[in-house]
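Visitor: no sequence for this one, just the structure:
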């Protein structure tokens with residue numbers, strides 16, 4: 001990254017500023033979710049429901065576009081689109097049950113994300129502040145395990161709380177890494 005053409009430096013510096021803005025927003029949203037965990041759980045469930053609904057509609061559109069070429073593809077895409085739509089509607093109509101199920105999925109996501117961040121941190125290791133990415137990854141792994149160990153009893157509160165903690169630690173990790181990257185880039189210009 002740091003051996004690039006100096007003409008590309010303004011673009012890379014802009015990306016560093018964008019990463020800083022995104023990191024700060026993640027930190028703010030994380031703190032809000034920690035303070036209001038049930039609300040954050042409902043928002044996470046609602047967002048998922050609408051995303052599934054949109055995916056379903058797009059999948060149906062794609063299915064009808066392929067209907068002239070391949071009947072098998074049309075049937076598969078149409079069934080998949082209907083599945084997404086039904087899953088989205090169920091998630092929107094029954095947010096409490098969706099939160100319980102989503103909590104388990106988020107636990108898996110945190111564990112996988114944390115594992116990837118730990119690997120990435122060791123790839124960055126000579127870079128200053130690589131430990132922030134390592135800490136974020138380790139916290140993601142721990143949060144994933146905590147969700148699994150208390151599921152489903154604490155699902156209504158824990159999902160929002162853990163989403164908040166994950167947003168906060170990921171935002172801090174991105175902020176520290178982007179600050180170092182931007183500083184190094186400025187020193188090479």
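Guide: Structure received. Remember, predicted model here, so these are calculated numbers, not experimental data.

Visitor: for the top helix by length along the chain, what is the average pLDDT?
Guide: The longest helix of the chain (DSSP state H) is helix 155-188. Mean pLDDT, taken over the full extent of helix 155-188, equals 82.

Visitor: ok, now stretch 82-102?
Guide: The average pLDDT for stretch 82-102 rounds to 90.

Visitor: Start and end of it, how far apart?
Guide: Taking Cα to Cα, to the nearest Å, stretch 82-102 runs 20 Å from one end to the other.

Visitor: Buried residues in it, which are they?
Guide: Residues of stretch 82-102 classed as buried: 84, 85, 87, 88, 91, 92, 95, 98, 99, 100, 101, 102 (neighbour count, 16 or more other Cβ atoms under 10 Å). For every residue, glycine as well, the C-beta is placed using N, CA and C.

Visitor: Same question for stretch 43-52.
Guide: Within stretch 43-52, the residues that count as buried by 16+ other Cβ under 10 Å are 43, 44, 45, 48, 49, 52.

Visitor: Just give me the closest of those to residue 174.
Guide: Nearest to residue 174 among the buried residues of stretch 43-52: residue 44, at 19.9 Å, using Cβ to Cβ.

Visitor: To what extent is residue 153 buried, counted in neighbours?
Guide: By other Cβ atoms under 10 Å, 10 other residues sit near residue 153.

Visitor: typo on my end, residue 151
Guide: Neighbours around residue 151, by other Cβ under 10 Å: 17.

Visitor: right, and it touches residue 104 too?
Guide: Yes - the pair formed by residue 151 and residue 104 meets the contact definition of Cβ atoms under 8 Å, at 5.4 Å.
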